[in-house]
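> Output the structure for:
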Amino acid sequence: MTSKPKKPSPPVEIRRFLAMAVCLLIAACQAYVPKSLDPQATAIHFGKRRLDDPELRMAIVSSGHWSNKRAWPPSPWKLRELQGAALYYHPEIAVAKAKAATARAGIQTADTAPNPTLSFAPELGNPGGGVSPWVLGFTLDYQIETANKRGERTAQAQAASNAAALSIADTAWTVSSGVRAALLELETATRRLEILESQRENDDSLISMASERVKAGEAPRTDLAIYQTQQSRNSLDLADGRSKLDAARAKLADALGVPAISISNTAVSFGALDHFPATPTEQTLRKAALIRRSDILGALEDYAAADAGLRLEIAKQTPDLHLNPGYTFDQGQSKWALGIGLTLPVDRNAGPIREAVAKRDEAAAVFERLQIGIRGELDQSLAAYHADLQRLREVESLVTTQSKQLDDAEHLAKAGEGERVAENTARSLVLQAKLARIDALGQAQQSLGRLQDSARISFDEN
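This next block holds a predicted model:
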């Protein structure tokens, strides 16, 4: 009985080399770490956010938005402290930071040289005569990039990373500006509601006095009807004011990135509505807006990235070198070889270069559009701010006039020379003028905020 010939196996040295190569590859690899995303868990986590969190305190202290001299938690919360809380909680900040981290990671990817390629081609022959039947060939392909391709690729990634980092600053400004606008809206809604409450009390007094005069035959019923109509209109304004107050508080919570319930009983204060800081010169504002804004600098980095991309595509016209050292175990004989190759850009990389030129031109157009838009935004903000300040001065004059008339009516009523109805009517006019003043103050503060947004600089606020 004849036995089957034993199948030859590769030489021991070759098997050891393959085993060692596999072990090295496995050791150098990173393991996958699972990280699940649970919508229910994230919703619960958001619901637990609050303004008295000790970690929030550490964050706003380190960011310079709160001083340890004040008790924790602050009461009331002022604008700067709320802005610090928003920079800690608002999801747009987290997104901007995540994008910046992704862009930074791209620098390492761009700066990494191409991996060599290992080729293994075993063959099994039947030479006979005691000669090994194996032909084992190993070839390495080392790509050597020329014309500074790696440097240009890294420069492109670095510019993209710079743009992403500047986007964090721009997002932080936008979030802080949103907090200011929401707090201003809440402050004006609160003050309006206080005046509307006083107006309701004054309407009740007017109707009571008018009813007595009608019963006594001292005034026609049309006078009473006028006061009742006014009361109905003011009651609608009061209901609307309460609704706006609730909406403003919810808007502030959204601007902070916290649940509305977490600030439902939190005291907040915008500060003095009639405080308007000195405005920088128009030249200073234009320089800040057109040259120093974070989004302007980010657009410049986008252009730099597009320019580096063009240089990279131009550099690809230069062939890369490929070194191909090899070893072959040919039926018992060791053979060494060294090959040299070139990447041949047959079309001189014309298509990618044309595309890169177009991308750079697009980045330039985007930058110019942004700068022109900012110029228009600044012009409109300056004009609106000056106009609103002028309107505020006129409303202040009206409040002064109406208050003087109320003082005269009160003096006459006390001296017995005037009627209480005239006094309450004058008070009603004063309250209406004060409502107009609150609206004018709020509008002027909004214009001030838009002016600061257009230049991306903060004036000396309260």
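
> how far does stretch 203-223 sit from the chain's center?
Using CA atoms, centre = their mean, to the nearest Å, the mean C-alpha position of stretch 203-223 is found 58 Å from that of the whole chain.

> same question, stretch 120-127
Here stretch 120-127 is found 62 Å from its chain centre; the criterion is CA atoms, centre = their mean.

> now do the same end-to-end measure for stretch 275-293.
Distance between the two ends of stretch 275-293: 25 Å, counting by CA to CA, to the nearest Å.

> Could you do stretch 214-230 as well?
One end of stretch 214-230 to the other measures 17 Å (CA to CA).

> ok, residues contacting that stretch?
With CB atoms under 8 Å, 6 or more residues apart in numbering as the contact definition, stretch 214-230 has outside contacts at 203, 206-207, 210-211, 213, 428. (Glycine included, C-beta is placed from N, CA and C.)

> Just among these, which is most surrounded?
Highest neighbour count within those, by other CB atoms under 10 Å: residue 206, with 24 neighbours.

> Any figure for the gap between it and residue 359?
Distance, residue 206 to residue 359, by CB to CB, to the nearest Å: 70 Å.

> Nearest to residue 318 among the contacts of stretch 214-230?
residue 428 (84.3 Å; CB to CB).

> so what does the helix or strand containing that closest one touch, helix or strand wise?
If you go by DSSP states H and E, residue 428 is part of helix 420-455. For helix 420-455, the helices and strands in contact under the criterion 3 or more CB pairs under 8 Å, 6 or more residues apart in numbering; DSSP states H and E are helix 149-215, helix 282-287, helix 350-414.

> Next, the angle helix 420-455 makes with the last one.
With axes from the mean of the first three to the mean of the last three CA atoms, to 10 degrees defining the directions, helix 350-414 sits at 160 degrees from helix 420-455.

> avg pLDDT for helix 350-414?
Mean pLDDT, computed over helix 350-414, is 95.

> which intervals of the chain have sub-threshold pLDDT?
Along the chain, the parts satisfying pLDDT under 70 run over 1-28, 67-69, 127-130, 332, 416-418, 461-462.

> quick one: the residue positioned nearest the centre of it from residue 272, how far?
The residue lying closest to the centre of the chain (CA atoms, centre = their mean) is residue 171, at 2.7 Å. For residue 171, the distance to residue 272 (CB to CB) stands at 29 Å.

> Next: residue 240.
According to CB to CB, residue 240 and residue 272 sit 25 Å apart.

> now swap in residue 118 and tell me
In terms of CB to CB, residue 118 sits 73 Å off from residue 272.

> cool, and residue 52?
Remark: distance between residue 52 and residue 272 (CB to CB) = 26 Å.

> Tell me the one of the contacts of stretch 214-230 nearest residue 413?
The nearest member of the contacts of stretch 214-230 to residue 413, counting by CB to CB, is residue 206 at 13.6 Å.

> quick one: contacts for that closest one?
Residues counted as contacts of residue 206 (CB under 8 Å, 6+ apart) are 227, 230-231, 421, 424-425, 428.

> Could you tell me which of those residues count as buried?
When the contacts of residue 206 are checked for burial by 16 or more other CB atoms under 10 Å, the buried set is 227, 230-231, 421, 424-425, 428.

> Throw those residues into TSV and include distance to residue 145, thanks.
Below are those laid out as TSV (distance: CB to CB, whole Å):
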residue	distance to residue 145
227	87
230	82
231	83
421	92
424	87
425	87
428	82
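
> For these, work out which two are farthest apart.
Farthest pair in the buried ones among the contacts of residue 206 (CB to CB) is 231 and 421. Separation: 14.2 Å.

> I'd like to know how far residue 307 sits from residue 356.
Separation of residue 307 from residue 356 (CB to CB): 9 Å.

> What of residue 188?
Residue 188 is 51 Å from residue 356, by CB to CB.

> Same check on residue 41?
In this view, residue 41 and residue 356 are 44 Å apart by CB to CB.

> So between the two, which is more surrounded?
Comparing residue 41 with residue 356 by other CB under 10 Å, the one with more neighbours is residue 356, at 21 against 10.

> Might you report the residue contacts of that one?
If you count contacts by CB under 8 Å, 6+ apart, residue 356 has them with 306, 309-310, 312-314.

> Output these in JSON lines; the columns should cover neighbour count and secondary structure.
Formatted as JSON lines, the contacts of residue 356 follow (neighbours: other CB atoms under 10 Å; DSSP: H, G, I helix; E, B strand; the rest coil):
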{"residue": "306", "neighbour count": "22", "secondary structure": "helix"}
{"residue": "309", "neighbour count": "23", "secondary structure": "helix"}
{"residue": "310", "neighbour count": "20", "secondary structure": "helix"}
{"residue": "312", "neighbour count": "24", "secondary structure": "helix"}
{"residue": "313", "neighbour count": "21", "secondary structure": "helix"}
{"residue": "314", "neighbour count": "18", "secondary structure": "helix"}
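
> Closest one of the residues you listed to residue 392?
Looking across the contacts of residue 356 and measuring by CB to CB, the closest to residue 392 is residue 306, at 46.2 Å.

> Who are the contact partners of the closest one?
Residue 306 makes contact with 356, 359-360, 362-363 under the criterion CB under 8 Å, 6+ apart.

> hmm, try it at 7 Å
359-360, 363 (CB atoms under 7 Å, 6 or more residues apart in numbering).
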